[in-house]
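Visitor: Task: produce atomic coordinates for the following.
(chains A and B)
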Amino acid sequence: GIQVEQSPPDLILQEGANSTLRCNFSDSVNNLQWFHQNPWGQLINLFYIPSGTKQNGRLSATTVATERYSLLYISSSQTTDSGVYFCAVDRGSTLGRLYFGRGTQLTVWP
Amino acid sequence: GAVVSQHPSWVICKSGTSVKIECRSLDFQATTMFWYRQFPKQSLMLMATSNEGSKATYEQGVEKDKFLINHASLTLSTLTVTSAHPEDSSFYICSASPRQDNTEAFFGQGTRLTVV
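Guide: Below is the predicted model of the structure:
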């Protein structure tokens, strides 16, 4: 199956700092999504971004499909940004079926 | 975005009993839903694909007789953990995509199952 690798596995920041999370995938994909998993386990949709660049407030994401990677940028981080960030891809064989990376555990200190 | 609702959010049951988890698409119809499992501090792994009106498709290594899936309507899929054991304790979460041309997936709140 497709491999999805996220880096770094852990990231500790002070409030106000910027960060970049990376997602590499081993094959062409139909779809790529970024999620934030909150402390209660719920997955919050951040971006649906099979290619190109999108921005939503302090967060932005870029996917370069031809080079098989995606980046999630968090600017001016806040303590509420803490949690696990997952990248997941859809190969298109079964629409909506996602393959997840191992996630990046982000901790933001005040 | 689309709304997927999962119930219950958490459940504690005794070994040997069965537990049913519901996954509903509230504002769209879903012919396909997905069930994932997540162990502590690990990633999400697909367990099965739930197909409306037909049998579910299980991933390799997932016991179909232990994890019964029913997708009787276009808005409801259920996962029943039968004869639960402590090793079945985990976080179970479902997803669905509201559109065919845009496969953005939306997830339920998840269910934390503890078997004692």
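Visitor: I figured B:Tyr58 hits B:Met47, correct?
Guide: Yes - taking contacts as C-beta atoms under 8 Å, B:Tyr58 lies within contact range of B:Met47: 7.0 Å. Where C-beta positions appear, they are placed from N, C-alpha and C, glycine not excepted.
Visitor: neighbour count winner among these two?
Guide: Counted by other C-beta atoms under 10 Å in any protein chain shown, B:Tyr58 and B:Met47 do not tie: B:Met47 has more neighbours, with 24 against 17.
Visitor: Can you give me every residue that contacts A:Asn18?
Guide: Counting by C-beta atoms under 8 Å, 6 or more residues apart in numbering or on different chains, A:Asn18 touches A:Tyr73, A:Ile74, A:Ser75, A:Ser76, A:Ser77.
Visitor: one more time with 10 Å
Guide: Contact analysis of A:Asn18 by C-beta atoms under 10 Å, 6 or more residues apart in numbering or on different chains lists A:Arg58, A:Tyr73, A:Ile74, A:Ser75, A:Ser76, A:Ser77.
Visitor: shared neighbours of B:Tyr58 and B:Met47, anything?
Guide: B:Trp35, B:Lys64, B:Phe67, B:Ile69.
Visitor: May I see these arranged in TSV, with secondary structure, neighbour count and pLDDT as well?
Guide: Formatted as TSV, the shared contacts of B:Tyr58 and B:Met47 follow (DSSP: H, G, I helix; E, B strand; the rest coil; neighbours: other C-beta atoms under 10 Å in any protein chain shown; pLDDT from 0 to 100):
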residue	secondary structure	neighbour count	pLDDT
B:Trp35	strand	25	97
B:Lys64	coil	13	94
B:Phe67	strand	20	97
B:Ile69	strand	23	96
